[in-house]
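Asker: turn this into a model:
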Amino acid sequence: MDHWFERLIEQLALASGEDGVKATFEKLTREAGFDAYAYLNFQASTQTAISNYDLKWQARYRDQGFVAIDPVVRAARARYEPFAWSNRSTTRMTGEHRKFYQEAAEFGIRSGITVPIKTGYGLMAMLTLASREADFAGGKKLNPVLAAAAFGQVHSRLELMQLKANRDRNVHLKPNELTCLRWSAEGKSMRAIAIIENTTFSNVSFFLNNAKKALRATSLPQATALAKELGLI
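Answerer: Numbers count the residues shown, from 1 in each chain. Predicted coordinates for the structure are as follows:
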């Protein structure tokens, strides 16, 4: 896989636009003998994904909130080093994980290699190559240093390209919360918002605090920035 990661850097440096990136990922994934790929970039309250997984699986994964139980994501967060995985049942596998792998297998995801990297502020990104064969990924030799370094360059490249990738937008804000966030984004103070909306300061504070919690933001500026990024305001 060493040469493959070198080609990944070179080929993505030549790709232009989201379609070019997807075509490059798919081509190189097939060359490596894998069936599918998934690039995940975790932000404060969202996940940006570029993947050719079955669209029905992507929808189920998103709607069921599988990111919270996905054993591959959990392993990536715990180890932060490249690793191979398989859906082969073991005594250490929980029932929840076994069920997850069974559902993934319905869409041809039975083994893979995953390369996670830290992206700062407690966040991460990861690249997965998946196979329909349960024993395929385990036979691949992986230089962990080279793989992590290569994916770090790829991630930086994708960030600079600012791709309009699929976003998991499992964030629901009420009208009052959105309204107050919008005014805050326009530079209005909470007291000014209360006057404009003909409500109380405590109500505005309540709405904005709820919005911050829903967006998992630690400050009001971060909440407004995330809401803008998600197209909510």
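Asker: hmm, who's touching the longest helix seen in the chain?
Answerer: If you go by DSSP state H, the chain has its longest helix at helix 144-161. Residues outside helix 144-161 that contact it (Cβ atoms under 8 Å, 6 or more residues apart in numbering) are 1-2, 5-6, 8-9, 12-13, 17-18, 21, 39, 41, 50, 81-82, 115, 117, 119, 125, 127. Quick note: C-beta positions are derived from backbone N, CA and C, even for glycine.
Asker: ok, 7 Å please
Answerer: With contact meaning Cβ atoms under 7 Å, 6 or more residues apart in numbering, helix 144-161 is reached by 1-2, 5-6, 8-9, 12-13, 21, 81-82, 115, 117, 119, 125, 127.
Asker: convert the C-alpha atoms of it to CSV, please.
Answerer: In CSV, the C-alpha atoms belonging to helix 144-161 read as follows (Å, rounded to 0.1, in the frame of the first residue of the first chain):
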residue,chain,number,x,y,z
PRO,A,144,1.4,3.5,9.5
VAL,A,145,3.7,6.5,9.3
LEU,A,146,3.5,6.8,5.5
ALA,A,147,-0.2,6.2,5.5
ALA,A,148,-0.9,8.9,8.2
ALA,A,149,1.5,11.4,6.5
ALA,A,150,-0.1,10.9,3.1
PHE,A,151,-3.7,11.2,4.4
GLY,A,152,-2.7,14.3,6.3
GLN,A,153,-1.6,15.9,3.0
VAL,A,154,-4.8,14.7,1.3
HIS,A,155,-7.0,16.1,4.1
SER,A,156,-5.3,19.5,3.9
ARG,A,157,-5.8,19.5,0.1
LEU,A,158,-9.5,18.8,0.5
GLU,A,159,-9.9,21.5,3.2
LEU,A,160,-8.3,24.0,0.8
MET,A,161,-10.6,23.0,-2.0
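Asker: from the chain's centroid, how far away is it?
Answerer: 15 Å (Cα atoms, centre = their mean, to the nearest Å).
Asker: which positions within it qualify as buried?
Answerer: Leu146, Ala147, Ala148, Ala150, Phe151, Gly152, Val154, His155, Leu158, Met161 (16 or more other Cβ atoms under 10 Å).
Asker: of the contacts of helix 144-161, select the buried ones using a ChimeraX command.
Answerer: Selection of buried members from the contacts of helix 144-161 for ChimeraX, criterion 16+ other Cβ under 10 Å:
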select :1,5,8,12,21,81,82,115,117,119,125,127
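Asker: flag the least confident of the contacts of helix 144-161.
Answerer: For these, the weakest pLDDT value sits at Ala13, with 85.
Asker: so who does that one touch?
Answerer: Arg157.
Asker: please report the distance of it from Trp4.
Answerer: According to Cβ to Cβ, to the nearest Å, Ala13 and Trp4 sit 15 Å apart.
Asker: likewise for His172?
Answerer: His172 is 41 Å from Trp4, by Cβ to Cβ.
Asker: who are the contact partners of the closest residue to Ala147 other than its chain neighbours?
Answerer: Leaving aside its sequence neighbours, Ala147 sits nearest to Pro82 (Cβ to Cβ, 6 or more residues apart in numbering; 4.4 Å). For Pro82, the contact set (Cβ under 7 Å, 6+ apart) comprises Ile113, Thr114, Val115, Leu142, Pro144, Ala147, Ala148.
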